[in-house]
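Peer 1: Okay, here's the prediction I keep looking at, along with the sequence it came from:
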Amino acid sequence: MTGDPEPISTQARRALEQELADLRDERRLVAGTLRDATSVGDQADQADELRRADQLERLDRRIEDITVRLRQADEAGPAPTDVAGVGSTVTVRFSDGETETLQIGEVTEALDETLVTADSPLGRALLGRRSGDTVHYNTPDGPETAVVVSIGAPQSQ
């Protein structure tokens, strides 16, 4: 990513907002189990309290990360249609001739085979590219190439 605030798709925004709500619920539950420091009993109780405090810290960090990301997405505005970025729909033609329309996102969603994350090898290769560009990326089977056919609405082939 460029370092500038990146836009996100509506689906990614919804997924982040849902994760944020779930994390806040989990944080409330964990915080409710923490005891007053003066009431901590034996070493096992102290270890359990430390584990919950660490969990609370992890939840707070993730909540902050998502909050910042959503704020930055608001500043960035909608996904561009001339350059591939987070939130873009990109049609690519792979070296085997197969053409596929993909969504570049931040959050992987279960069973969504058309989503590539911006930090995946193909996702990174597509960021900042325009129609007609050839991208190079690595797969478990070795280096691959693909051509960006279009950005935005899928193009019929």
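Peer 2: Perfect, I can see it now.

Peer 1: Would you mind giving both backbone torsions of residue 51?
Peer 2: phi -60, psi -40 (degrees, to the nearest 10).

Peer 1: what number of residues lie near it?
Peer 2: Residues near residue 51, counting by other Cβ atoms under 10 Å, number 11. The way it works is simple: take the backbone N, C-alpha and C, and place the C-beta from them, glycine included.

Peer 1: Give me the pLDDT value at it.
Peer 2: Per-residue confidence (pLDDT) for residue 51: 90.

Peer 1: Quickly run through the sheet partners of the lowest-mean-pLDDT helix or strand in the chain, with directions.
Peer 2: When each helix and strand of the chain is scored by mean pLDDT, DSSP states H and E, strand 115-117 comes last, with a mean of 82. Note on strand 115-117: by DSSP bridges, its sheet partners are strand 99-105 (parallel).

Peer 1: Tell me the helix or strand right after the least confident helix or strand of the chain.
Peer 2: helix 121-126 (DSSP states H and E).

Peer 1: Quick one: work out the angle between the helix or strand hosting residue 13 and strand 99-105.
Peer 2: Assessed by DSSP H and E, residue 13 sits inside helix 10-33. With axes from the mean of the first three to the mean of the last three Cα atoms, to 10 degrees as the basis, helix 10-33 and strand 99-105 are set at 40 degrees to each other.

Peer 1: Mean confidence (pLDDT) on helix 10-33, please.
Peer 2: 88.

Peer 1: Thanks a lot, see you next time.
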